[in-house]
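Asker: model the structure of this input:
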Amino acid sequence: MDSEEGLKLGRRRRTHSDAFKAKVIEECRHPGMSIAAVALANGLNANLLRRWVIESPQGMVPSEAPSAVPAFIPVAMSDPSPRDGEILIEVQRGATQIKIRWPAASAGDCGAWLRGWLR
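Answerer: Take a look at the predicted model:
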């Protein structure tokens, strides 16, 4: 086999038109769209597509601002009940079942006691 014949049988590098590149780069610029998802949908390697996006005139900057702007949502709070200042633990271990109320002010002591009890 001569070297000229080997070139004909070898793999060829795919080429893509500028219009195709522009289309997939624009798809990547939509908020929430991942480069990997666009690459997979178009039969491309994600690293190749990332390089196209970076080398494009706009770079990695999205073309549109996100449409949903986070907003403050007021939450109505109920009046505190007398039990808000305590920790309630209900544990069942085998046939043993216990309920414990512990003051929230000493939550660290409660955690230490519970770790010891569960050993």
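
Asker: so what sits opposite Thr96 in the bridge?
Answerer: Thr96 has these beta-bridge partners by DSSP bridges: Arg93.

Asker: show me where this protein has its strands.
Answerer: Here the chain has its strands, by DSSP state E, at 86-93, 96-103.

Asker: same list (the ones you listed) but as a markdown table, adding mean pLDDT, mean neighbour count and distance to Met77.
Answerer: C-betas here are computed from N, CA, C, even on glycine. Formatted as a markdown table, these follow (pLDDT from 0 to 100; neighbours: other Cβ atoms under 10 Å; distance: least, Cβ to Cβ, whole Å):
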| stretch | mean pLDDT | mean neighbour count | distance to Met77 |
| --- | --- | --- | --- |
| strand 86-93 | 81 | 11 | 18 |
| strand 96-103 | 85 | 11 | 22 |
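
Asker: I'd like those strands as CSV, with distance to Ala36 appended.
Answerer: Shown next, in CSV, are the strands of the chain (distance: least, Cβ to Cβ, whole Å):
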stretch, distance to Ala36
strand 86-93, 45
strand 96-103, 48
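
Asker: quick check: which of the ones you listed is nearest to Arg115?
Answerer: strand 86-93 (12.1 Å; Cβ to Cβ).

Asker: how's this structure carved up into domains?
Answerer: Listed by automatic domain parsing, the domain ranges of the chain are 15-65, 84-118.

Asker: for Ile73, find the nearest of the ones you listed.
Answerer: Nearest of these (Cβ to Cβ): domain 15-65, 20.9 Å.

Asker: state the mean pLDDT of the closest one.
Answerer: Throughout domain 15-65, pLDDT has a mean value of 86.

Asker: picking that back up, winner for burial among the domains of the chain?
Answerer: domain 15-65 (a mean of 13; mean count of other Cβ atoms under 10 Å).

Asker: now that one, how far from the centre of its chain.
Answerer: Relative to its chain's centre, domain 15-65 lies at 19 Å (Cα atoms, centre = their mean, to the nearest Å).
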